[in-house]
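*Asks:* Need the 3D shape of this:
(4 chains)
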There are 4 protein chains.
Amino acid sequence: MRLVTFCGSIRSGSLNRKLLAQAIEVLRPQAELDHAELRDVPLPIYDGDIETATGVPEPARLLADRIAAADGLVLASPEYNNSIPGALKNAIDWMSRLRPHQPFRGKPILLIGASPGPFGAIRSQMALRQVMTSLLAILVPNQVAVPHADQAFEPDGRLKDPKTRGALEKACAELLRLAAAFPRQA
Amino acid sequence: MRLVTFCGSIRSGSLNRKLLAQAIEVLRPQAELDHAELRDVPLPIYDGDIETATGVPEPARLLADRIAAADGLVLASPEYNNSIPGALKNAIDWMSRLRPHQPFRGKPILLIGASPGPFGAIRSQMALRQVMTSLLAILVPNQVAVPHADQAFEPDGRLKDPKTRGALEKACAELLRLAAAFPRQA
Amino acid sequence: MRLVTFCGSIRSGSLNRKLLAQAIEVLRPQAELDHAELRDVPLPIYDGDIETATGVPEPARLLADRIAAADGLVLASPEYNNSIPGALKNAIDWMSRLRPHQPFRGKPILLIGASPGPFGAIRSQMALRQVMTSLLAILVPNQVAVPHADQAFEPDGRLKDPKTRGALEKACAELLRLAAAFPRQA
Amino acid sequence: MRLVTFCGSIRSGSLNRKLLAQAIEVLRPQAELDHAELRDVPLPIYDGDIETATGVPEPARLLADRIAAADGLVLASPEYNNSIPGALKNAIDWMSRLRPHQPFRGKPILLIGASPGPFGAIRSQMALRQVMTSLLAILVPNQVAVPHADQAFEPDGRLKDPKTRGALEKACAELLRLAAAFPRQA
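*Replies:* Just a heads-up that it's a prediction; the model follows:
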C-alpha cells in the first residue's frame, strides 16, 4: 500500500500541514507514504495557449507521476473565500490536462482541512469534491474539517479534541479500505 | 452608471470573451463600460508569506480600483474541472486581501459563462456564487450559461439562439437595476 | 417596511426558532413583522399529477401571498443530511409553481440557520442559496450560521456570543437595506 | 450481485423513469435488480416530534431494507428549483434516521438524472452528492445528466444520442465495479 500525502497550503506554519502531519502519523504504520508540498511545485498560471505551445510543465508532470504511482491520496486544503485556493486549483488544472491519463482518475482520495475560522474549510472541501468528481476520483465520504484550528493542536502537534482525532482515524481507515480495493494500475 | 466587464478567460479565441462581447453590446447604450481582461493582470500565485513581505501586487490593486470605481461588474468565467479556473480564483484571492475594502463588497455582479460542453459553465458559476457571497457581493440571480458555445455564435458574433439572447438581455437589465439601487460609494 | 419571518423547522423546541426570535428582536423596531411557521402550513408531498388535477394547495398559496405582501423575508432553516430539510424544500417546491408570480422572484431574502453540530447549518444555507437563486430572489450575502446552537443561547433567549449577535445585527441591517431598495410591487 | 434501481420521480410519464429504464436494460444481464418507486413509498413530512412518538414509518423502513439488501443503488432524480425535489429529500431524511444503520452508509451509488431543460438535472445531482456524502455513501464519480430529455428518447425508449448511451454504459460499469468491491454486509 502506497499513499501520497499532499499539503495544498503554501504558507509556512500552515494549519493544514499540522493536520496532515496527524494523518501521516495515523497512516504511517499501515502504508508507505510519499509526502508532497504544493510550495515545492512551482507552476505558471494555467494558460491554454502555453499548454498548446509547450505542454504541461514538468513540476506538474512529476507530481502527477507520484500520485499515479500511489494507491490513494490524502489532500489537505485550506479555504480561501469559501472555496479552493487559486494556487491549489491551478495545480489541479494543470495536472488534469495530462494524457493519456490524468492522475486523479479512479484514485481513492481523502480530503481534510483546517481553518482558524468557525467552519474548518468545509466549504473548500465541498468545492474540491465537485472538482475531484469531474476528474473521476473515488472520494472517501468521511469529512475531517477542523474549525478554530489555531487552537486545535497541542504543542507537540497532537489534536486536542479526541472526537476530531477519532474522526481522522476513521477517515484514514476508510481511505485504506478504498485504496486496498482499488489499487493503482501497474 | 459605470460598469466593469471582466473576461476571466486567458485563452485567445475564448468563447467567454465572445459572450461578454454580446453583453457589452447590450449594456453599452445604458452605461459607461470599462473592459478588463484577466490576461492583462499578471499575478504570482497567492502566497500569504509574499503578502506579508510585500503586500498585494500592483496589477491586483489596479484591477480592484477599477472594480471599486464601478457601480457593477459583469464577470465571464470559463469552467475548468467543474469549477472556477485556478487563474481566476487566484486573481480573486489576491483582490480579496485588499484593505480597508476589498472591491467586491456590496458590488452588484452578473455572472455569465460559456463552454463547448453540454453544461455551459453552470458549475463554475455556482462555485463563483459561493465565492462572491463570502466577499459580500450582491449577485444578480439570473444565470446566463451557454452550452455547446463553439456552435452558439454567428460569424458576426451574435448569439444564434434568440432565447439565449433574451436571457442575456434580461440578466443585463437586472444588473442595471441592482447597480442603480446600489451605486458605488464616492 | 414589512417583512416575513419564516421558521423552516417543524420541531418543537427548535434552535432555529430561537435564532429567528433574536432576528425578530433586532428587526422589530424597524419593520412591521409577519411571522410564519412551516408547521402551520400543512402540505402534501408535491406531485405534478396532483398539481395538474387540483392546483397548488391553499396553505401554500396563503403563505406565498404573505411573502408576496412583504418587502423581504428572513428564512431560518435547519440542516438535515448536509442540506435543506425535505419538508422545507417541499413547501418551496409548491410555492414555486404559483403563477403568474412565484413569491420569491425579486424578493430580498436573508438566510439564517443554527444546528447543534459544528457547522451551524452552513451547508443547508448553501443549498438554499442555490434554490433561491433559481427562483430569482435577491440574496443578502451575509451568512449567520450558529454552530453548537444547543449551547449558544442564554436562558432568556439572547445569543451568548457577542460576535454572533453582531453578525446577526449586521445581516438584518443588510436585509433592511435591500428591502428598502427593492420594495414589494403594489 | 444485487442492485436497487430507484426512481425519485413521482410523476407519471417521468423522464427520469425513462432514463432509469435504460440503465436497467444495461445492468440486467449483470445483476439481479430490485426496482423501487418513490410514488410507492407513502410518507408523511418528516417531523422530529412524530419520530420521537412513533418512530420511522414502515414504508421508509421497508425501502431502506431493500437498499440495505443490495450491493449498490442507482438513483434517478429530477431537479426542482435547481436542487433535489422535496419529496425525494423527505424520503432520504426519514431513511437517514434508521438505527443502528441507515441504508446509505458505505453503499455504492450511481446518480443519474434527466430534465426537459438545458442542464439535465446536473444541479440536483450535485446537491444529492452533498447529501449522500454526509450519509457516507460511496459515490460513482461518473455523471449521467440528460438535458432536453423530452426529445432525448426514441419511441421505443432508447436514448437517441450514442454519446449519452455510452456515458450511461460506462457509469453502470463503474457502479458494478464499486459494488463488487464493496458488497452488502451479510
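*Asks:* what residues does chain A put near chain D?
*Replies:* By the rule CB under 8 Å from any CB of the partner chain, the part of chain A lying against chain D is A:126, A:129-130, A:132-139, A:141-143, A:178, A:181-182. Bear in mind the C-beta positions are built from the backbone N, C-alpha and C, glycine included.
*Asks:* Same list, those, but only the ones touching chain C.
*Replies:* Applying CB under 8 Å from any CB to the residues of chain A next to chain D, those adjacent to chain C are A:Met126.
*Asks:* Among the residues of chain A next to chain D, which ones are in strands?
*Replies:* Using DSSP state E, A:138-139 are the members of the residues of chain A next to chain D that sit in strands.
*Asks:* Return the subset of the residues of chain A next to chain D lying in helices.
*Replies:* Within the residues of chain A next to chain D, residues falling in helices by DSSP state H are A:126, A:129-130, A:132-134, A:178, A:181.
*Asks:* In chain A, which residue is most central in space?
*Replies:* Nearest to the mean C-alpha position of chain A, counting by CA atoms, centre = their mean, stands A:Leu75 at 1.1 Å.
*Asks:* if I look at that one, how far off is A:Ala179?
*Replies:* Look at A:Leu75 and A:Ala179: by CB to CB, to the nearest Å, they are 14 Å apart.
*Asks:* so who does A:Leu43 touch?
*Replies:* A:57, A:59-60, A:90-91, A:94, B:45 (CB atoms under 8 Å, 6 or more residues apart in numbering or on different chains).
*Asks:* same thing with A:Leu168?
*Replies:* Taking CB under 8 Å, 6+ apart, we find A:Leu168 in contact with A:19, A:22-23, A:26, A:112, A:144, A:159.
*Asks:* Now do the phi/psi pair for it.
*Replies:* phi -70, psi -40 (degrees, to the nearest 10).
*Asks:* still on that earlier bit, out of the residues of chain A next to chain D, which end up buried?
*Replies:* A:126, A:129-130, A:132-139, A:141-143, A:178, A:181-182 (16 or more other CB atoms under 10 Å in any protein chain shown).
*Asks:* After the helix or strand bottoming out on mean pLDDT in chain A, heading C-terminal, what element do we hit next?
*Replies:* Taking mean pLDDT, DSSP states H and E as the measure, the helix or strand of chain A with the lowest value is helix A:48-54, at a mean of 92. Sequence order places helix A:58-68 as the next helix or strand after helix A:48-54, per DSSP states H and E.
*Asks:* Give the pairing partners of the helix or strand following that following helix; include direction for each.
*Replies:* Downstream of helix A:58-68, the first helix or strand assigned by DSSP H and E is strand A:72-76. Using DSSP bridges, strand A:72-76 pairs in its sheet with strand A:2-7 (parallel), strand A:108-114 (parallel).
*Asks:* can you give me the angle the last one makes with helix A:58-68?
*Replies:* Relative orientation of strand A:108-114 and helix A:58-68, computed by axes from the mean of the first three to the mean of the last three CA atoms, to 10 degrees: 110 degrees.
*Asks:* Next, the contact list for A:Thr133, please.
*Replies:* Taking CB under 8 Å, 6+ apart as the test, what A:Thr133 contacts is A:139, B:82, D:129, D:139, D:141, D:143.
*Asks:* Please report how far the residue in chain A sticking out farthest from the centre lies from A:Pro44.
*Replies:* Most distant from the centre of chain A: A:Ala53, at 29.2 Å, with distances by CA atoms, centre = their mean. Going from A:Ala53 to A:Pro44 by CB to CB gives 12 Å.
*Asks:* Contact partners for the residue nearest to the centre of chain A?
*Replies:* By CB under 8 Å, 6+ apart, the contact set of A:Leu75 is A:6, A:8, A:109-112, A:128.
*Asks:* what about A:Thr54, neighbour count?
*Replies:* 9 (other CB atoms under 10 Å in any protein chain shown).
*Asks:* Which one among the contacts of A:Thr133 sits at the bottom for pLDDT?
*Replies:* Here the lowest pLDDT out of these sits on D:Gln143, with 90.
*Asks:* which residue sits closest to that residue, ignoring its sequence neighbours?
*Replies:* D:Gln125 (6.1 Å; CB to CB, 6 or more residues apart in numbering or on different chains).
*Asks:* So which bits of chain A are right by chain B?
*Replies:* A:10-12, A:39, A:43, A:45-49, A:80-93, A:96, A:123, A:127, A:130-131, A:133-135.
*Asks:* While we're on the residue nearest to A:Ala149 when sequence neighbours are not counted, how confident is the model there?
*Replies:* Leaving out its chain neighbours, the residue that sits closest to A:Ala149 by CB to CB, 6+ apart is A:Ala114, at 3.6 Å. A:Ala114 is assigned a predicted lDDT (pLDDT) of 97.
*Asks:* from what I can see A:Ala114 touches A:Lys18, true?
*Replies:* Yes - A:Ala114 lies in contact with A:Lys18 (CB atoms under 8 Å); the separation is 7.1 Å.
*Asks:* So for the two, which sits in the more crowded spot?
*Replies:* Counted by other CB under 10 Å, A:Ala114 and A:Lys18 do not tie: A:Ala114 has more neighbours, with 31 against 21.
*Asks:* Would you mind listing the residues in contact with the more buried one?
*Replies:* Contacts of A:Ala114 by CB under 8 Å, 6+ apart are A:15-16, A:18-19, A:76, A:78, A:120-121, A:145-146, A:149, A:152.
*Asks:* Scan the residues you listed and report the most crowded one.
*Replies:* Neighbour-wise, these (other CB under 10 Å) top out at A:Ala121, 34 neighbours.
*Asks:* The residue nearest to that residue when sequence neighbours are not counted and A:Leu20: what is the separation?
*Replies:* Closest residue to A:Ala121 apart from its sequence neighbours, by CB to CB, 6+ apart: A:Gly113 at 3.1 Å. Distance check for A:Gly113 against A:Leu20: by CB to CB, it reads 10 Å.
*Asks:* Give me the more crowded residue out of those two.
*Replies:* It is A:Gly113, of A:Gly113 and A:Leu20, that has more neighbours when counted by other CB under 10 Å, with 29 against 25.
*Asks:* Could you list everything that one pairs with in the sheet?
*Replies:* A:Ala145.
*Asks:* Looks like it contacts A:Val146 (just checking).
*Replies:* Yes - at 7.1 Å, A:Gly113 counts as touching A:Val146 under the criterion of CB under 8 Å.
*Asks:* re earlier: which one of the contacts of A:Leu168 sits closest to B:Met1?
*Replies:* Comparing the contacts of A:Leu168 against B:Met1 with CB to CB picks out A:Ile112 as the nearest, at 46.0 Å.
*Asks:* So the nearest residue to that closest one once chain neighbours are set aside versus A:Gly166, what's the distance?
*Replies:* Using CB to CB, 6+ apart and skipping residues adjacent in sequence, the residue nearest A:Ile112 is A:Val144, 4.3 Å away. In this view, A:Val144 and A:Gly166 are 10 Å apart by CB to CB.
*Asks:* For chain A, give me the ranges with low pLDDT.
*Replies:* A:186 (pLDDT under 70).
*Asks:* Could you list the contact residues of it toward chain C?
*Replies:* Neighbours of chain C within chain A, by CB under 8 Å from any CB: A:118-120, A:122-123, A:126, A:145, A:147.
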